[in-house]
Each structure stands twice: as structure tokens, then as C-alpha cells.
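K.L.:
Give me the fold of what follows.
(2 chains)
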Protein chains: 2
Amino acid sequence: MERLPGFRDFYPEPLPHTDTWSADARQFIFDKWRDTAKRYNFREYDGPPLEPLELFTTKSGEEIVGQLYNFTDKGERAVSLRPEMTPTLARMVAAHERNYKKPIKWFALPQLFRYERQQKGRLREHFQFNADIIGESDPAADAELIALLIDTLRSFGLTEQDFVIRLSSRNAWHDFFKHGGGDMAHEYAFYQIVDKLERTSPEESEKKLSVLGFSIADVNQFIESGKPTAELENILQNLAARGLGSFVKIDYRVIRGLAYYTGVVFEAFDAKGEFRAIAGGGRYDNLVKLISGGKVNLPALGFGMGDVVLLEILKSRGLLPKFDSHADVFVLIEDETLRAPSLKLIQDLRVAGFAIEYPLTPAKPDKQFKRAQELKAAFTAKLESDSYVRIRNMKSRDEIVAGFADAANHLR
Amino acid sequence: MERLPGFRDFYPEPLPHTDTWSADARQFIFDKWRDTAKRYNFREYDGPPLEPLELFTTKSGEEIVGQLYNFTDKGERAVSLRPEMTPTLARMVAAHERNYKKPIKWFALPQLFRYERQQKGRLREHFQFNADIIGESDPAADAELIALLIDTLRSFGLTEQDFVIRLSSRNAWHDFFKHGGGDMAHEYAFYQIVDKLERTSPEESEKKLSVLGFSIADVNQFIESGKPTAELENILQNLAARGLGSFVKIDYRVIRGLAYYTGVVFEAFDAKGEFRAIAGGGRYDNLVKLISGGKVNLPALGFGMGDVVLLEILKSRGLLPKFDSHADVFVLIEDETLRAPSLKLIQDLRVAGFAIEYPLTPAKPDKQFKRAQELKAAFTAKLESDSYVRIRNMKSRDEIVAGFADAANHLR
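P.N.:
Below is the predicted model of the structure:
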């Protein structure tokens, strides 16, 4: 029986097959995400993986339904597996924001789902690090969030040789569009053309832009000018004060595809240009108001970083550790008359915090020792009697004999 | 906009509302689950939250569909959100068991889903700690798994005054049924009557039992005898050798509802009888063979422990910590001309591993200090110039002035 296409099985390492994913690498990534978020004093939240379909169509319109993992449930509700976390966050914050001091700094590690046209090997789920700041309109919040993004990537050992944050602003594009005489009703259509510039032929882009009264030459000139707005200048100076200036550059080619972004937008890119964007985000100052039906109005911004591209780049840079099985101590039971006190030793060592392995059933001494080696156990421990334990340091090969109650002290 | 009925929002503490759940308590529980599993040298795995419907009906029959969160996806596949982890585990192990030394000791922390008749307040999802041992038929494996269950509950501070493992065996019931002249075609129907004894009136049970040729008096006599089989005796002695004997008792009322159990079964119960079962499990020696279509045949056993009942019992026993927001250091910025070097200090302290909070925008000194108190910051740090930092221990109220580069050393 096979799993569904586009879904992943996560196995303990060493991986049994090229078509499997590492549960250990996933946990390694989650731990780094959590640790960095905590150093920035972000707090964890989560919502349901399944939400009313309406939560996702409210902000994006009905056209998004084609990409959603949506269905009708047994209670005749239109529902969807979550394709992103931001609408859930906006719903949760709108419901209980009075309980929290502003700015709210929250993060989540949701699994997200999409159901797009089947492309071979295309995943239908991934995990994402989502971090958001809600209730602060000052660019200082944008800088704080981008610093978190930079330090998250640095926590994996990535450097300014590996990635760059491309910083842009819909406000800058808004001014360009307005001063160029654009019809404000078509502003978002214009953003979508800019968003696809790098993936579209110049002829095609020119055609689409001319309908809105713009030329590709004008657009390219604006991009190449790269002049930061006052807001972006503020963010650059803030990041420079932290010593993070070299990780960021203004790049107006970034504008982001989602409809709800309102101001600063940014993406983290592989500096060598081999991979898709590692992370992306921006301001969405109107979304909480929209989701709450006008009841709560709070400025907000956030980013999402997926596990799949991150894993690819860490692998390619040799920054992903191996996670072979291991145990702190392998307890050898060579004399079956000592199995009962050996079980007591195992129990005591586990209570003391050690990861312990041992032969569940009688096994030959050389087979036990081989297993201890395979598990990369730091020590073996073997009862010599009810009262004494022979402890072997597997690296130095030093052996000592300790009293039963004293064994744990020789295993640090 | 509301979330779907039966799903939970997880908020940072202090909780904003009685209808919300604590993301901090959830992470506290997950951390204990992972830590104990690792001390027992179990390794983490995970599978998709969505599986082919067939994976769950193969072992349980079509009647289970009424309780599943199943639907037809856009590719016309019959699929279901996972109601339990064991079929996914059996599928994964069957696919790649040759890669792993036996016994395989694995755990997972899946979110599981059910769609039952709507009962007010009834949850449709929960999280579960699943631990399984695959490839070992000896009762030593049962003892190892039950020891893990006991130590998991003990890791939360629960003692033998709080819970008891009720140990039983389908093999014992099999012998009773066979020797009593039962028709083996109705064996599972008989188990289901026994499983519901405590929730069914004696008259109703008597009626159902008599159809199968048994009386409630015979059944009760067998339960009261409580005589352990050789296999159960072996497990009891193994646990006693570890010093865990007082946590376990034979109780034949436990037989478990699922069809696939084949031998030893057990449940962890609140000793005061206030709550539903905290955990349950047993042997399922035929399931891997069934799921793999006969290709792989491995004995197996496992248990599941949900987060909801566990949370209730920890709350009632006062064993759940408070998880108020906190920061290691609150950096005060009273002089805005020192904001830039303050940002550098913040960056350096975060890189050194500290959780840092600070005012994103200019704020009055007394308001900043109050915020540091609310966040239960261990220290405040304030630049006196580009070069010196005043550090205050918020508990002892001691203050010192340190050099910029030396500040981290005074915060341990």
C-alpha cells in the first residue's frame, strides 16, 4: 500500500531509500527555528490544520481555490487544509488581541498543504517557520523581523556568501505606478506582472505592461535605480547598526505574489542563484481588519521559511549533520543470571537521563559488542556481580569497575 | 470568522480565554515525550497526516468509515485524515524494514483526527505519543514498552498514587473463550462485549454473552481470578526487576477495542478513577503482514498516549507549570542617541544565546522598566555610553557596570 502522491514519509537515519525524508533532519531544523525565535523573544502558537474555506478566499478571492487542498466535510462545510498560516494567525489575534501587549511577536511551525496540477515529484505539503509582529507600524518592526530571518539562516551556518535578503516595498511601487499615471483599480494586476518579470519573456511583459500604460524600459529603469525610500533607508540603517548590513540589498524586482501585502516586502535568496527563494514575507497592515470583519485593526508583518528549499541548500553547502543512531550507554548482559540486576541498572541510568540500549533477549557477547559499536555508544556497562559494574569508554578503551550506585558518575 | 467545531487554537500563556489551549503546555508535553523516548533509545519517525482511506479500512473493515475524517480528493482518491498512527507505521516499516536492525524502536507525535457524530465540546483532533517495538516476539519487548509508558508518566511528576497500568492479554481471553466452547468465528464479537462491560448494564451484557454461549458470572469469575498467564508473569517479573512492579496490576477487564490486537494489551489509568484512560496499547503481531499484503511478517507492539486526558490529569494534580512570557534580558533604551549601539548589544547578546526583548520604538523609562518586570526578565541592560553597559539583576537588585564586550559574562 502506497502513500498519497506529494506527501512525505520521515524515517530515522541512515535513510533507507532516496524517496524517503529524514525525521532527524526535520527535527534539527525545527530545533534551530524554535531556538532562534526564542532568542528574539517570539512566542509559539498554532491553529488547526483544517479551516473554513472562506478564511482563505476572503483575502485572496475565489481564484485561489484551484490551488487549495479543499473539500466538503461530512457536515456539509466547505473546508480546506491550510495553504498558509497568516489567515489563521489573523483570525486568532483578532479574537483575543486585548489579552496581549503590543507588539505581539509570535511564531509557528505549521505543516501547509496545496493541491495543484500534478507535476511529477511536486510536493503537496511542507513545513514552514512563520514569524510575525503585530501591532507596530514603525519600520523598527520590519528591521527586527528581518534580523530574525537573517539570524535564523545564520544559525544553520549559512553566511553572507550563501544568502542575501532582497528588500523592496510596495509603497515604492505604488508611488511609481501612481506617478506614472496608472489606474489604481489595476494596481494589483501591475504588481503581478512585476512579480513574474524574471519568469516571463520581455515581449510578453511588455505586452501586458502596455495595456496598463507602462513600458518595460520604465519599469527596468526604476528597478535599476534601486533608490531606497525613507522607510527602506530606516530599515537598512537599523540592520547596519546590528552589524547585519551586508546581508541585505534593495531589489525592487521583489514584490511578492500574495494580494494582502501592503508595504515592505522581502525575500531571502541563495546568493549563488541555484535554488528557489528560501523565505519571503512583508507587511500586511489590512489583513487583521479584513479577517475580523472590521472589528480589529492592527498593522502586521511576517515571513515564512519552508523546510524543503532550506534542506536543499544546507545539503549543497555541507551544513546538514549526519544523524546516525546512537546511545549514551549500551548495557551488556553476558551472564543471563544477572539480567534482573542489569534491568535495575538500565532503569537507574535512564532515570539519571542517559539514553540506554541493551539486548532484549539473550545474545552472544561478540554480537552485543558489535551492536554497541554500530549504535556509536559512548560507553558499555556490564554487571560483574549484583554490586559491581565494568564500564568501558568506547573511544579511549579505558575500563574501570564501579559500585552499582556509583556507575552514573563514571558516564559523564 | 470562527474555527471549525472540534478543532483547537493554541495560544501563548497566559491564556486569553477558557476556550483556548496553551501552546506552551503542548510544547512542554511534547518535550517530555521526546526526552523519555530518547532515554529508551526510541527514534522519531512521521508519516503524512492524510493517507489513502484503504489503509485504515484494511485492518478494521468498512464500519470504521463512520468515525473517520475521510473525503474524496480532487484526484478522485478516497482519502482520510489519519485517525491513528499504527497503520502508517506498519506501511512504512513494511516498505523499508531491511534497512533497520531488529528490534525497531520508533516513536512519533502525530496529530490524529476523527469525525464522529457531533457531541457538544467533543474534539475532532488530538495529539498522541506513539511508541512501538517491531521485530521482537519475546515478552521482554512488552516489558520494555510498558516501562517506557511508566517512565513517560513519571517524567511529568505522576507517581504510583496517580496512575496504574492495567495489564491483560487477549491470549488469556482466547483460552477462556476456547475452553468455554466458544465459536472461534465470534471471538472478536466476544472481545467487544468484554471491552464494553464497564460501560454496559449487566442485563445487556448477559443477553449479548448468552448468544455466544457464555454467562456474565463465568466472565466475572475469570476477571476476578486475575491469574497471570506465563507470558504476563514474565512481564511482571521484568518490570519488578526494574523497580517498577508497583505500577502494574493484572486486570482482565482490559481487552482494548481495536480489532488488530493479538496478545498482551494494557491501559494506563488514573488511580483515582476520575478520568478516561491516559494511554493504551498492546501487541499486533499480524498487522505488518496484513498491511504489506503478506510480503513482510514482523511481530509488533505499541501504545498511544493522547494529550487531552494527560493535560487534564496534570492540571488536577497541580503538575502543570505556568508558562508566562519571559526574557533573559530586557535592554533599556532611555537615550535615543544610543539606539544604534543598543541594537548592536542586542544582536551580540542574541548571538550569545540570550532571549532578548527591548522597546522597538521610543518609550518612557518607567514604561520600559515596567515591561521588563512584566516579562519577568532576569536582567536589564542599559548602555551608559558606546562602551559601557549597566546591568541590573532584577531579583537581587544588584547593579554593575561592564564593558560592552564583557556584558554577556555578567548575565549567566
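K.L.:
How are the helices of the stretch 301-412 of chain A distributed by residue range?
P.N.:
In the stretch 301-412 of chain A, the helices defined using DSSP state H, counting those that start in this stretch lie at A:307-316, A:339-351, A:365-374.
K.L.:
Deepest in the core, which of these is it.
P.N.:
For these, average neighbour numbers computed from mean count of other C-beta atoms under 10 Å in any protein chain shown are highest in helix A:339-351, which has a mean of 20. Where C-beta positions appear, they are placed from N, C-alpha and C, glycine not excepted.
K.L.:
Near A:I134, how many other residues are there?
P.N.:
Residues within reach of A:I134, counting by other C-beta atoms under 10 Å in any protein chain shown, total 25.
K.L.:
Over to A:V296?
P.N.:
17.
K.L.:
Now it: closest residue in space, sequence neighbours ignored.
P.N.:
Ranked by C-beta to C-beta, 6 or more residues apart in numbering or on different chains and with sequence neighbours excluded, the top spatial neighbour of A:V296 is A:A94, at 4.4 Å.
K.L.:
List every C-alpha atom in the helix or strand hosting that neighbour, with coordinates, as PDB.
P.N.:
Applying DSSP states H and E as the criterion places A:A94 in helix A:86-96. Extracted C-alpha coordinates of helix A:86-96, given in PDB (Å, rounded to 0.1, in the frame of the first residue of the first chain):
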ATOM      1  CA  THR A  86      -1.200  34.100   8.100                       C
ATOM      2  CA  PRO A  87      -5.100  34.000   7.800                       C
ATOM      3  CA  THR A  88      -5.200  31.600  10.900                       C
ATOM      4  CA  LEU A  89      -2.900  34.000  12.800                       C
ATOM      5  CA  ALA A  90      -5.000  37.000  11.800                       C
ATOM      6  CA  ARG A  91      -8.200  35.100  13.000                       C
ATOM      7  CA  MET A  92      -6.600  34.100  16.300                       C
ATOM      8  CA  VAL A  93      -5.100  37.600  17.000                       C
ATOM      9  CA  ALA A  94      -8.400  39.300  16.100                       C
ATOM     10  CA  ALA A  95     -10.300  37.100  18.600                       C
ATOM     11  CA  HIS A  96      -8.100  37.800  21.600                       C
END
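K.L.:
So for A:G47, what's the nearest residue that isn't a sequence neighbour?
P.N.:
Leaving out its chain neighbours, the residue that sits closest to A:G47 by C-beta to C-beta, 6+ apart is A:T88, at 3.9 Å.
K.L.:
quick one: that neighbour and A:R82 touch, right?
P.N.:
Yes: A:T88 lies in contact with A:R82 (C-beta atoms under 8 Å); the separation is 6.2 Å.
K.L.:
ok, back up a step: OK, contacts around the residue nearest to A:G47?
P.N.:
A:T88 makes contact with A:G47, A:P48, A:E51, A:L55, A:R82, A:P110, according to C-beta atoms under 8 Å, 6 or more residues apart in numbering or on different chains.
K.L.:
Tell me how many other residues surround the first one.
P.N.:
Going back to what we said before, that points to A:G47. Applying other C-beta under 10 Å, I find that A:G47 has 23 neighbouring residues.
K.L.:
correct me, but it touches B:Y11?
P.N.:
No: in this structure A:G47 lies outside contact range of B:Y11 using C-beta under 8 Å: 9.5 Å.
K.L.:
what is in contact with those two at once?
P.N.:
With contacts defined as C-beta under 8 Å, 6+ apart, the residues adjacent to both A:G47 and B:Y11 are A:M92.
K.L.:
Could you list which residues are in contact with the spatially closest residue to A:F354 that is not a sequence neighbour?
P.N.:
Residue nearest to A:F354 in three dimensions, not counting chain neighbours: A:D328, with 4.3 Å by C-beta to C-beta, 6+ apart. Counting by C-beta under 8 Å, 6+ apart, A:D328 makes contact with A:F354, A:A355, A:I356, A:A377, A:A378, A:F379, A:L411.
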